[in-house]
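# What would the 3D arrangement of this be:
(chains A and B)
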Amino acid sequence: MSEETKALESMIGEEYKYGFTTDVEYEDFPKGISEDIIRELSSRKEEPEWMLEFRLKSYRAWLEMEEPEWFNATYTKPDFENLLYYSAPKKRPSLDSLDDVDPNIRETYEKLGIPLEEQKMLAGVAVDAVFDSVSVFTSFKEKLAEAGVIFCSISEAIKEHPDLVKKYMGSVIPARDNFYAALNSAVFSDGSFCYIPKNTACPMELSTYFRINNMESGQFERTLIIAEEGASVSYLEGCTAPMYDENQLHAAVVELIALDHADIKYSTIQNWYSGDENGKGGIYNFVTKRGICKGNHSKISWTQLETGSAVTLKYPSVILQGDHSIGEFYSVAVTTKKQQADTGTKMIHLGKNTRSTIISKGISAGESNNSYRGEVKIGKKATGSKNYSVCDSMLIGQSCGAHTFPYISSENASSSVEHEATTSRVGEEQIFYLMQRGISEQDAISMIINGFVKDVLKELPLEFAVEANKLLDIKLEGSVG
Amino acid sequence: MLEIRNLHAVVEGEELEILKGVNLSVNKGEIHAIMGPNGSGKSTLSKVVSGHPEYEVTEGTIMFEGEDITDMDADERAHLGLFLAFQYPVEVPGITNKTLLREAYNTIARANEREELDPLEFEDYLVSKLEIIEMKDEFLNRSINTGFSGGEKKKNEIFQMAVLNPRLSFLDETDSGLDIDALKVVSDGVNKIASPENAIVMITHYQRLLNYIKPDFVHVMMNGKIVKSGDISLAEELEANGYDQMQKELA
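Predicted structure coming up:
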């Protein structure tokens, strides 16, 4: 291996910077999963009967399902009997101001640079911070309420807005959809709920910060976003987790519903602990994310920057049911060390003249394995529909892998599907070229990577793009040579 | 300005010598041409001088502007004012020419404790250099060499040379792949950049380029060594008799 390649790999293999834990007392709750556990969980959360029924039905479905193995990744399966399905900070605060937040939690947020600060508030971002499983703080609620926007924890929504939750939860991703979605439906802890009423543009970008902070706790977030006719919203999700040796399972479910002329933009930056040099530890990120363009002329756009987790299985998808609806997927997936990612999207065209765009950029380094898996399906009635897919992979070093699995089917002749794929290596020639122009090796590598992902990062909301660049820098920075 | 003494080099990790004792002196204000058949080591020489990591110097020294640069990284050599116009310019998608050049220009300025240019000043400076290779300013906002024609790539190398204003430039087969019109534009560009304050070393296969850029010295390289040096008449002799004839004479 040449010096350049070594330097490259040492930069990419930077130690995880957010590996610390916060000392907060936790309530006792028995490990393992059973109907009794689910009943107990539901009762502690003071849920109505119908919610408990939903959970129990899901649990029974899950019991009959097999853990999937079709993806391009290998790992030790989680021991579901050894997981903790409920955890919450012991002091449950009812908060009037930031001062009331547990100082430990606040310190954690500050270390992470999570802006639960007044500057951030002034910047006009409402932050619903999920610390472990319970929402401890929700800001800007009044301002959102003025616009008629509901933005709260899913637990709260179950109590305050049961009709909406009943109508839509599980409507895009039914409990039986897949093994991990079923598990989530049975034991989901908390998450976010967002409802944008008719003809309303959400007055601010919404962001939720997830943080896993309890040893051996499964994290089962549940998010539901509904945009009524003519409504629009941009939702930002970002996460980091502390360093632990035990693998931690994260199996979230995110459902998006866009009615006529509605527009939902969902952006994610994911930087969970990915395990050490030997592949020990790290998060299992088995998320089910799907949106439905239910109405005509509606639009759903997924943008993701995935840099963390030991194993990622994730396919944010769009069902294009309404005529003239639009689905988009922009993704950057970075894997280093022994990380494994099998990620991509599904675009299911059902309505007439529907459009979808897929731009996927995979960067693999170290001994990691990065797969793109994408399905484009154009149904019989989806006449005049179009898909355009670009799927590029970049390899750094000799020991990593990049794979592309496109599945394309079209059942009508008036539609078109276009798929492009490239694989390139961050070459010594590229680095030398830039260095010959006077640019340092580190800056050269950073430039090449930034150039590669630019088409995706420009889709992120501006302030998120800044965070995204920071994150890529953290992944890439380090001593040269 | 440049003093190469008994330079030996191999591809890193291999035994076979590609450069087998090259000697070359270049002074301010001079234009040199290095000619030679395929595989003679002339392109390798330009890469070794500019610090390509693929090659390892096993013997000899390279002095540039009074400093021993034999073991320096490529970017440090660039800071001293060394430039290589690539035979095959590399594509870097997503980064514009302008971004690269501003970063490069300001990095070199910083290393030399000169003032950096802010984006507006730099824009004016860049535009002022475009005429040297007769390019339109949309050229600045295109990704580096991405989707460029062969001719555009070579023009871009000379444009970068004009912007970075190096003390010494190696032009590695800048004439290859150019049609006659492009060759003229590129040559005119090089002639405009050439001054008593800088120096140029052209590496070429053919005498054709030398009709447009007149060298003060011509060197013939064979089998990893400079075997003969002279003035422009040496190039004419080569054109008339070919490399084989010269090799026989030297043997």
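# tell me the mean pLDDT over the helix or strand A:Gly291 falls within?
Here A:Gly291, judged by DSSP states H and E, is contained in strand A:283-293. Across strand A:283-293, pLDDT averages out at 94.
# What strands flank that strand, and is each parallel or antiparallel?
Paired strands of strand A:283-293, with direction, are strand A:248-250 (parallel), strand A:253-258 (parallel), strand A:311-314 (parallel), strand A:317-320 (parallel) (DSSP bridges).
# what's the average pLDDT for the shortest one?
In this model, strand A:248-250 has an average pLDDT of 82.
# cool, and the longest one?
Regarding strand A:253-258, the rounded mean pLDDT is 97.
# Kindly state the pLDDT recorded for residue 129?
Because you didn't say which chain, this covers chain A. The model's pLDDT for A:Ala129 equals 51.
# sorry, should have said chain B
What the model reports as pLDDT for B:Lys129 is 93.
# contacting residues for it?
The contact partners of B:Lys129, by CB atoms under 8 Å, 6 or more residues apart in numbering or on different chains, come to B:Phe159, B:Ala162, B:Val163. Using the backbone N, CA and C atoms, a C-beta is placed for each residue, glycine as well.
# ok, B:Leu171 touching B:Ile200?
Yes. When contacts are counted by CB atoms under 8 Å, B:Leu171 is listed as touching B:Ile200 (6.6 Å).
# between these two, what contacts are shared?
B:Val190.
# And the strands in the stretch 51-200 of chain B?
Secondary structure of the stretch 51-200 of chain B by DSSP state E, counting those that start in this stretch: the strands cover B:55-64, B:67-68, B:82-85, B:92-96, B:143-144, B:168-172, B:199-204.
# could I get those as a markdown table with mean pLDDT and mean neighbour count?
Shown next, in a markdown table, are the strands of the stretch 51-200 of chain B (pLDDT from 0 to 100; neighbours: other CB atoms under 10 Å in any protein chain shown):
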| stretch | mean pLDDT | mean neighbour count |
| --- | --- | --- |
| strand B:55-64 | 96 | 17 |
| strand B:67-68 | 96 | 12 |
| strand B:82-85 | 98 | 26 |
| strand B:92-96 | 91 | 19 |
| strand B:143-144 | 94 | 23 |
| strand B:168-172 | 97 | 26 |
| strand B:199-204 | 96 | 25 |
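# of all those strands, which lies closest to chain A?
Closest to chain A of the strands of the stretch 51-200 of chain B, according to CB to the nearest CB: strand B:92-96, at 2.7 Å.
# Name whatever forms a beta bridge with the residue nearest to the spatial centre of chain B.
Nearest to the mean C-alpha position of chain B, by CA atoms, centre = their mean, lies B:Phe170 at 1.9 Å. On the basis of DSSP bridges, B:Phe170 is bridged to B:Leu84, B:Val201.
# Whichever helix or strand comes after the strand holding A:Gly291 - contacts with which helices or strands?
Sequence order places strand A:299-306 as the next helix or strand after strand A:283-293, per DSSP H and E. Applying 3 or more CB pairs under 8 Å, 6 or more residues apart in numbering or on different chains; DSSP states H and E, one finds that strand A:299-306 makes contact with strand A:253-258, strand A:263-271, strand A:283-293, strand A:311-314, strand A:326-335, strand A:340-349, helix A:441-457, helix A:462-476.
# count of residues packed around the residue nearest to B:Asp172 when sequence neighbours are not counted?
Distance criterion CB to CB, 6 or more residues apart in numbering or on different chains; nearest residue to B:Asp172, sequence neighbours excluded, is B:Gln87 at 4.2 Å. If you count neighbours by other CB atoms under 10 Å in any protein chain shown, B:Gln87 ends up with 18.
# Okay, B:Gln87 and chain A: tell me how far apart.
11 Å (CB to the nearest CB, to the nearest Å).
# swap in B:Pro196?
Relative to chain A, and taking CB to the nearest CB, B:Pro196 is found at 24 Å.
# Show the pLDDT at that residue.
97.
# and the closest residue to it other than its chain neighbours, helix, strand or coil?
Distance criterion CB to CB, 6+ apart; nearest residue to B:Pro196, sequence neighbours excluded, is B:Gly29 at 4.2 Å. Secondary structure state of B:Gly29, per DSSP: H, G, I helix; E, B strand; the rest coil, is coil.
# go on, B:Gly13?
The local conformation at B:Gly13, judged by three-state DSSP, is coil.
# Now the phi/psi pair for it, please.
The phi/psi pair for B:Gly13 (degrees, to the nearest 10) reads phi 80, psi 0.
# In contact with it, which residues?
B:Gly13 makes contacts with B:Glu56, as judged by CB under 8 Å, 6+ apart.
# possible to save the helices and strands packed on strand A:299-306 as JSON lines with mean neighbour count?
Shown next, in JSON lines, are those (neighbours: other CB atoms under 10 Å in any protein chain shown):
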{"stretch": "strand A:253-258", "mean neighbour count": "27"}
{"stretch": "strand A:263-271", "mean neighbour count": "23"}
{"stretch": "strand A:283-293", "mean neighbour count": "25"}
{"stretch": "strand A:311-314", "mean neighbour count": "25"}
{"stretch": "strand A:326-335", "mean neighbour count": "26"}
{"stretch": "strand A:340-349", "mean neighbour count": "25"}
{"stretch": "helix A:441-457", "mean neighbour count": "21"}
{"stretch": "helix A:462-476", "mean neighbour count": "17"}
